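Peer 1: Let me see the structure of the following:
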Amino acid sequence: MSAEAPALAIPRQARADAIEAAAKLALNRTARHRQRMTGRSTSPMEGASLEFQDQRDYHPGDDFRHLNWRAFARTDRLLMKVFEAEVSPLTEVIFDRSASMFAPEGKARLTWALLLFMLEASRQEGARLRLWMADHRGLEAFDPRALGGEAATFAPAAGASGPQIDQPLHSGSLRILISDLLFGDSPAPLLSTLARNAGEAWVLVPQEPLPDLLDGQTTFDCRESGRQRVLRVDAAFRRSLQERYDRHLSDWQRSAQSHGTSLLRVSPALPFVEALRLDGLRSGFLRYRT
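Peer 2: Okay, here's the model as predicted:
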């Protein structure tokens with residue numbers, strides 16, 4: 001990141017919440033993920049000392065030397081041999097650095113806690129980690145060690161478009177997108193790219209609390225576009241605002257399912273550890289640490 005980027009304060013409570021959560025909860029890498037090579041488990045490699053474990057569909061870019069030619073002759077399908085080897089898992093965290101992620105204060109604390117939890121949980125399981133800062137211009141690699149202090153040096157991104165994945169992600173990696181999804185782009189392109197050749201893909205959503213609005217004329221500041229709008233607030237408006245937000249997230253939830261990706265909403269209404277435990281365990285994203 002640019003050396004001229006402003007320093008964003010990392011709330012102490014967010015760091016404390018992340019450490020407490022990582023002491024109790026661990027990432028639950030599924031059997032499907034382990035089979036695809038990343039969880040101290042299996043890796044598609046070739047070698048006489050490695051045991052043939054399984055096969056999977058060919059993906060563009062795969063090494064033709066690993067094709068199962070006998071299966072191709074029988075089925076006319078391109079299938080890749082999968083061999084078992086012990087490897088350290090790889091987690092790729094894609095962090096949406098849009099301005100809306102850092103306001104209001106409660107949501108900013110939740111956003112930071114999610115990111116720091118992912119870094120700490122990955123560290124505790126001995127995983128390799130790649131952290132990407134994402135915005136409408138694409139991905140930029142970021143050193144996770146730069147988040148060890150009280151502030152992080154990067155600029156929140158303005159703009160109405162969502163994050164773009166313009167860099168190749170590692171085949172078979174566990175991919176975590178942390179984003180509030182507060183943009184109007186169609187979910188399909190981003191989710192399709194996130195899930196492509198992934199061992200497993202998740203979207204973690206720090207939810208937006210409904211603002212405490214009083215009746216009357218109210219000026220709204222759009223944190224993404226920087227524009228202002230004057231709207232009349234009443235009970236019907238508040239209800240409509242909540243319904244539109246819920247419908248927006250439901251659209252993302254359905255699209256995520258259709259792309260083989262899981263979406264986890266994290267509520268700001270509960271203490272962080274409780275919110276993770278409630279939704280993370282139920283969804284299968286997390287497990288109790290043993």
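Peer 1: Spatially central residue for the protein, please.
Peer 2: The centre of the chain sits closest to residue 177, judged by C-alpha atoms, centre = their mean, with a distance of 1.7 Å.
Peer 1: give the contact list for that residue.
Peer 2: 94, 96, 134, 163, 190, 194, 201, 202, 203, 204 (C-beta atoms under 8 Å, 6 or more residues apart in numbering). Just so you know, the C-beta spots here come from the backbone N, C-alpha and C atoms, and that holds for glycine as well.
Peer 1: before we move on, what SS does it have?
Peer 2: strand (DSSP: H, G, I helix; E, B strand; the rest coil).
Peer 1: Would you mind naming the residues that bridge with it?
Peer 2: Beta-bridge partners recorded for residue 177 (DSSP bridges): residue 94, residue 203.
Peer 1: What distance do you get for it to residue 229?
Peer 2: Residue 177 is 28 Å from residue 229, where distance means C-beta to C-beta, to the nearest Å.
Peer 1: Could you pull up the residues touching the residue lying closest to residue 187 once chain neighbours are set aside?
Peer 2: Leaving aside its sequence neighbours, residue 187 sits nearest to residue 255 (C-beta to C-beta, 6 or more residues apart in numbering; 3.8 Å). With contact taken as C-beta under 8 Å, 6+ apart, residue 255 is in contact with 187, 188, 191.
Peer 1: and these, which are buried?
Peer 2: Burial by neighbour count, 16 or more other C-beta atoms under 10 Å: within the contacts of residue 255 this picks out 187, 191.
Peer 1: okay, the contacts of residue 255 in CSV with secondary structure, pLDDT and distance to residue 149 next?
Peer 2: Formatted as CSV, the contacts of residue 255 follow (DSSP: H, G, I helix; E, B strand; the rest coil; pLDDT from 0 to 100; distance: C-beta to C-beta, whole Å):
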residue, secondary structure, pLDDT, distance to residue 149
187, helix, 97, 35
188, helix, 96, 38
191, helix, 97, 33
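Peer 1: can you put the contacts of residue 255 in TSV and add distance to residue 114?
Peer 2: Formatted as TSV, those follow (distance: C-beta to C-beta, whole Å):
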residue	distance to residue 114
187	19
188	24
191	18
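Peer 1: ok, the contacts of residue 255 vs residue 24, which is closest?
Peer 2: Comparing these against residue 24 with C-beta to C-beta places residue 191 closest, at 29.5 Å.
Peer 1: That closest one and residue 116: what is the separation?
Peer 2: In terms of C-beta to C-beta, residue 191 sits 24 Å off from residue 116.
Peer 1: Tell me if I'm right that residue 11 and residue 110 touch.
Peer 2: No: the criterion here is C-beta atoms under 8 Å, and residue 11 misses it with residue 110 at 9.6 Å.
Peer 1: between the two, who's got more neighbours?
Peer 2: Shown here are residue 11 and residue 110; by other C-beta atoms under 10 Å, residue 110 has more neighbours (24 against 19).
Peer 1: All the helices of the protein, in order from the start?
Peer 2: 12-24, 31-35, 69-75, 105-124, 187-195, 235-258, 272-283 (DSSP state H).
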